[in-house]
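>>> no sequence for this one, just the structure:
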DNA sequence: CTTGACCTTCCTATCATGGGAAGGTCCATT
DNA sequence: AATGGACCTTCCCATGATAGGAAGGTCAAG
């Protein structure tokens, strides 16, 4: 299986498959004489694994750990669970943060006439340099 | 007021103040003879405005729009409200996405013994290349 | 006049992702 | 066998908001 077929089989773009190779996350099973990457079932499954993990919001770093546990037949499920639980806590924290933002804005928007006049509680709020509860902080690997 | 004082007054790092200058978001009121940036109350308020807007999760793009409305005394509050409402919808969508991830993981984790044995429903789920409901997609400007 | 704290510009990196160029390879159809 | 198109390779560049650091100029207090 070359990279195009692997891409079709997993839904991971060829670009990303090359990237995973580059960062040593998933290396091709071999190279053909003409230097084409060759993937077999093992790698295909790993790519699917990554795709699914990514869709659950795991960071690349967490995925690296998960993948190494997945490869280790003797892993203790405790370790996997720990990663997942940490990730859930992380998600929950970010959800709460965004909910707070949304609530604040809903309130401000509710108080805004939304007509032709310039008076606007939303701008008023932004203008009073109130300190936000916390500086906004988001995880490195959860971008884009 | 030079950049260091502006930074102290607003909580925005000098680095970022220079960046906002560079991208024409907030330019210094003037430059001293020795080329130091000088800020006055106007810019200080704008920097506070940006900080607060950022803490509410607005993208730089939205902030650009909000700032231009804020500068426009005759703006219709309708436009401000529209931006805020769009942003709230956006937040809600991302919240829902993350909640779905968290729910899925909570379920899987709940089913995982978390002991010394290797069997793990979390890894099992990642292994079955189930397609995720939607490819994960996040907004450009909401990074880090 | 020196020292240290500040300012300036310029360059580098992040991280996952994609776009594109230049050039090699494979296969099916003339 | 030659051609053409679809594929592969590597390499470079960009993103967005943010930070780190180097090299050099400026200011104010001692």
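Good, I have the coordinates. Quick caveat: nothing in here was measured; it's all calculated off a predicted structure.
>>> contacting residues for the one residue in chain A that gets nearest to DNA strand D?
DNA strand D sits closest to residue A:4 of chain A, with a gap of 2.2 Å, by Cβ to the nearest atom of the strand. (C-beta placed from N, C-alpha, C; glycine too.) Residues near residue A:4 by Cβ atoms under 8 Å, 6 or more residues apart in numbering or on different chains: residue A:14.
>>> Could you measure from it over to residue A:126?
Look at residue A:4 and residue A:126: by Cβ to Cβ, to the nearest Å, they are 49 Å apart.
>>> so what's the residue sitting furthest away from the middle of chain A up against?
Distance to the chain centre peaks in chain A at residue A:117, reaching 41.6 Å (criterion: Cα atoms, centre = their mean). For residue A:117, the contacting residues are B:76-77, by Cβ under 8 Å, 6+ apart.
>>> So what's the residue count around residue A:74?
8 (other Cβ atoms under 10 Å in any protein chain shown).
>>> next one: residue A:108
21.
>>> now residue A:18
Neighbours of residue A:18 under the rule other Cβ under 10 Å: 14.
>>> quick one, what contacts the residue nearest to it when sequence neighbours are not counted?
The shortest distance from residue A:18 to any non-neighbouring residue, by Cβ to Cβ, 6 or more residues apart in numbering or on different chains, is to residue A:3 (7.1 Å). The neighbourhood of residue A:3, defined by Cβ under 8 Å, 6+ apart, consists of A:14, A:17-18, A:28, A:36-37, A:39.
>>> Kindly provide the distance from the residue farthest from the centre of chain A to residue A:110.
For residue A:117, the distance to residue A:110 - Cβ to Cβ - is 16 Å.
>>> before we move on, the earlier item: specify the local secondary structure of the residue farthest from the centre of chain A.
Assigned by DSSP: H, G, I helix; E, B strand; the rest coil, the conformation of residue A:117 is coil.
>>> And the pLDDT at it?
Residue A:117 carries a pLDDT value of 89.
>>> quick revisit: quick one: which of the contacts of residue A:3 is nearest residue B:22?
For the contacts of residue A:3, the residue nearest residue B:22 by Cβ to Cβ is residue A:18; the value is 33.1 Å.
>>> And the closest one, how far from DNA strand C?
The spacing between residue A:18 and DNA strand C, counted by Cβ to the nearest atom of the strand, to the nearest Å, is 9 Å.
>>> can you check residue A:49 too?
Using Cβ to the nearest atom of the strand, residue A:49 is found at 13 Å from DNA strand C.
>>> what's the answer for residue A:35, then?
Taking Cβ to the nearest atom of the strand, one finds residue A:35 at 7 Å from DNA strand C.
>>> For residue A:102, give me its contacts.
Contact analysis of residue A:102 by Cβ under 8 Å, 6+ apart lists B:88, B:91-92, B:95.
>>> among those residues, which ones are buried?
Buried positions within the contacts of residue A:102, assessed by neighbour count (16 or more other Cβ atoms under 10 Å in any protein chain shown), are B:88, B:91, B:95.
>>> Show me which positions of the host helix or strand of residue A:86 end up buried.
Secondary structure assignment for residue A:86, by DSSP states H and E: helix A:77-110. Neighbour counts over helix A:77-110 (16+ other Cβ under 10 Å) mark A:77, A:79-81, A:83-85, A:87-88, A:90-91, A:94-95, A:97-98, A:100-102, A:104-105, A:108-109 as buried.
>>> what does chain A put close to DNA strand D?
For chain A, the contact set with DNA strand D under Cβ under 7 Å from any atom of the strand comprises A:2-5, A:7, A:14, A:18, A:28, A:35-37, A:136, A:143.
>>> shaky segments in chain A?
Residue ranges of chain A with pLDDT under 70: A:129-144.
>>> mind listing the strands for it?
Remark: strands assigned in chain A by DSSP state E are A:30-31, A:37-38.
>>> would you turn those into TSV with distance to residue B:51 and mean neighbour count?
Formatted as TSV, the strands of chain A follow (distance: least, Cβ to Cβ, whole Å; neighbours: other Cβ atoms under 10 Å in any protein chain shown):
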stretch	distance to residue B:51	mean neighbour count
strand A:30-31	51	10
strand A:37-38	47	18
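>>> and the nearest residue to residue A:50 once chain neighbours are set aside, how many residues sit next to it?
Using Cβ to Cβ, 6+ apart and skipping residues adjacent in sequence, the residue nearest residue A:50 is residue A:63, 5.7 Å away. Counted by other Cβ under 10 Å, the residues lying close to residue A:63 total 23.
>>> How about the contacts made by residue A:63?
When contacts are counted by Cβ under 8 Å, 6+ apart, residue A:63 touches A:25, A:50, A:53-54.
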